[in-house]
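**Q** Quick one, what's the 3D model for this:
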Amino acid sequence: MGEVCKIQGCEPCVYSVNQGGCQATCALCHVHHALKKGRPRKFLRNSYKDMIERALELEEPQRQRELQQLATQDKYLRALILAKLKDL
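**A** Below is the predicted model:
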């Protein structure tokens, strides 16, 4: 992961770092994005985990769209999604 994206406001593809890679041609950014350190309060972290679990229960391609949309909401949420996808 040598290159880091410097474009302000771009939307990163959460599937680009997954072992299988991005399965569809998408217009989202496939360059590594540095994540902000720190984490939200426990209630919000638990909320994020619930949202991810609900999204993973969906069928493709709806699952991919939902995870992409969630990943754009918060950097911590994006990091959770990335970690979950690596475990799959």
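**Q** for the chain, what spans make up the helices?
**A** With DSSP state H as the criterion, the chain has helices at 42-56, 62-71, 75-87.
**Q** I'd like the mean pLDDT over the longest one, please.
**A** Spelled out, that is helix 42-56. On average, the pLDDT along helix 42-56 is 95.
**Q** go on, stretch 61-68?
**A** 93.
**Q** Same list, the helices of the chain, but as JSON lines with distance to residue 29 and mean neighbour count please.
**A** Where you see a C-beta, it was placed from the backbone N, CA and C, and this is true even at glycine. Below are the helices of the chain laid out as JSON lines (distance: least, CB to CB, whole Å; neighbours: other CB atoms under 10 Å):
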{"stretch": "helix 42-56", "distance to residue 29": "20", "mean neighbour count": "13"}
{"stretch": "helix 62-71", "distance to residue 29": "11", "mean neighbour count": "17"}
{"stretch": "helix 75-87", "distance to residue 29": "12", "mean neighbour count": "17"}
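**Q** Let's have the ones you listed in JSON lines, adding distance to residue 10.
**A** What follows is those, written out as JSON lines (distance: least, CB to CB, whole Å):
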{"stretch": "helix 42-56", "distance to residue 10": "21"}
{"stretch": "helix 62-71", "distance to residue 10": "12"}
{"stretch": "helix 75-87", "distance to residue 10": "13"}
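**Q** That concludes my questions; thank you for your assistance.
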